[in-house]
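> here are the coordinates; sequence isn't available:
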């Protein structure tokens, strides 16, 4: 997707999520948290700060797995997914990182038919 298309779809996705959760338009971190909760598969619950960070890591790994950077190793005894890096992620510029992350988040939510 080109940058203009990504930004247009990103704005639509933000509106959909804000409407679904009755909240302000979410940023990338909020979207990563939501994806992490979805991937954990245990529903809404209270998470510690460390668990929230782990959920965002799970989301990042899940998203970058679509580009072949991570593979799911499996679940631990508590049901948390663990990923392994299979190839190094290139050193993208900050702008490239943001665009790639938005694009991957959009694709994730499109697969779930949120947008």
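Structure received. If you're wondering where the values come from, they're calculated on a predicted model, not measured in any experiment.

> now this structure, which segments are flagged as low pLDDT?
Counting by pLDDT under 70, not a single residue of the chain qualifies.

> Which residue of it lies farthest from its centroid?
In the chain, the residue that sits farthest from the middle, by Cα atoms, centre = their mean, is residue 77; the gap is 23.0 Å.

> Tell me which helix or strand that one sits in.
Using DSSP states H and E, no element contains residue 77; it sits outside every helix and strand.

> Now do the contacts for it.
Counting by Cβ atoms under 8 Å, 6 or more residues apart in numbering, residue 77 touches no other residue. All C-beta atoms are positioned from the backbone trio N, CA, C, and that covers glycine.

> That one and residue 38: what is the separation?
Residue 77 sits 21 Å away from residue 38, going by Cβ to Cβ, to the nearest Å.

> Can you tell me who the closest residue to residue 64 other than its chain neighbours pairs with across the strands?
Counting by Cβ to Cβ, 6 or more residues apart in numbering, residue 70 is the residue found nearest to residue 64 once chain neighbours are left out, at 5.2 Å. The partner list for residue 70 in beta bridges (DSSP bridges) reads residue 85.

> From what I see, residue 70 and residue 83 are in contact.
Yes: assessed by Cβ atoms under 8 Å, residue 70 is found in contact with residue 83 at 4.4 Å.

> Can you list phi and psi of residue 74 for me?
With angles defined as degrees, to the nearest 10, residue 74 sits at phi 150, psi -170.

> now it, nearest residue through space, not along the chain?
Residue 74 sits nearest to residue 82 (Cβ to Cβ, 6+ apart), 6.3 Å away.

> quick one, what contacts residue 20?
residue 114.

> Am I right that it falls within a helix?
Yes: the assignment for residue 20 (DSSP: H, G, I helix; E, B strand; the rest coil) places it in a helix.
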